[in-house]
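> what follows is a predicted protein model with its sequence.
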Amino acid sequence: MNSELNLTLNDTFNAISILLVFVTMLFSIRYPEIKEILDEPLQTDKPKALERQKIKVKRDLFSKWLPVVILNLIVVYTMTPLAFKTLVQSSLSLLNFDFIRTTFILIWFFIIVFSTSSIILLLKLCKKIKQCNIHLKIISAKSNSMKNCNMK
């Protein structure tokens with residue numbers, strides 16, 4: 001039973017290793033771009049620039065960051081059943097541990113952390129879009145009130 005689980009884990013490593021490399025590389029390529037977008041201050045004094053900024057954030061969210069989040073979640077999803085099976089069938093040992101099982105659980109844990117950080121960045125991008133919308137409404141309301149004042 002133990003060797004059967006180890007063989008399954010070994011086969012899983014072989015199957016998922018390419019996907020893990022792809023996900024981590026995609027994350028490392030996209031992260032600086034997304035971080036730059038998040039760090040860029042909102043152009044609240046220029047309505048047209050703010051609208052362009054909102055469009056860019058939306059476009060980058062859907063075309064650059066959402067695929068990273070989805071791939072991370074797919075990897076977590078595919079690894080979770082086997083990770084639970086490994087945790088249930090393994091015993092905890094500080095010095096005499098099974099390398100394959102421990103490595104699999106560590107990779108599963110790190111991809112969960114990776115996925116969580118990806119989701120947090122996704123939520124920050126959504127928040128930035130919402131802030132753009134709020135500022136655009138404020139600008140529009142100010143513009144409308146100024147027009148009404150000029151008409152009187």
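Yep, it's here. Residues are numbered from 1 along each chain as shown.

> from here on, just use CA atoms for contacts and neighbour counts.
Noted.

> any regions of this protein where pLDDT drops low?
The model of the chain has pLDDT under 70 over residues 1-2, 92, 94, 145-152.

> which helix runs longest in it?
Counting residues, the longest helix found in the chain (DSSP state H) is helix 99-151.

> what packs against that helix?
Packing partners of helix 99-151 (3 or more Cα pairs under 8 Å, 6 or more residues apart in numbering; DSSP states H and E): helix 2-39, helix 47-60, helix 66-89.

> want to try a markdown table for those, with mean neighbour count as columns?
Output for these, formatted as a markdown table (neighbours: other Cα atoms under 10 Å):
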| stretch | mean neighbour count |
| --- | --- |
| helix 2-39 | 14 |
| helix 47-60 | 16 |
| helix 66-89 | 17 |
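
> dump those helices to TSV, plus distance to residue 127.
Converted to TSV, the helices and strands packed on helix 99-151 look like this (distance: least, Cα to Cα, whole Å):
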stretch	distance to residue 127
helix 2-39	10
helix 47-60	10
helix 66-89	15
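
> among the ones you listed, which is nearest residue 122?
For residue 122, the closest of these is helix 66-89, at 7.2 Å, according to Cα to Cα.

> what does stretch 83-95 contact?
Residues from elsewhere that reach stretch 83-95, judged by Cα atoms under 8 Å, 6 or more residues apart in numbering: 2, 5, 101, 104-105, 108.

> tell me how far it lies from the chain's centre.
Put simply, stretch 83-95 sits 28 Å off its chain's centre (Cα atoms, centre = their mean, to the nearest Å).

> how far does that stretch stretch from start to finish?
Its start and end residues considered, stretch 83-95 measures 21 Å (Cα to Cα, to the nearest Å).

> skipping adjacent residues, who's closest to the residue sitting nearest the centre point of the chain in space?
Taking Cα atoms, centre = their mean, the centroid of the chain lies closest to residue 118, which sits 1.9 Å from it. Leaving aside its chain neighbours, residue 118 sits nearest to residue 69 (5.6 Å; criterion: Cα to Cα, 6 or more residues apart in numbering).

> quick one on the thing from earlier: of all the helices and strands packed on helix 99-151, which one comes closest to residue 144?
Of all those, helix 47-60 sits nearest to residue 144, with 13.5 Å by Cα to Cα.
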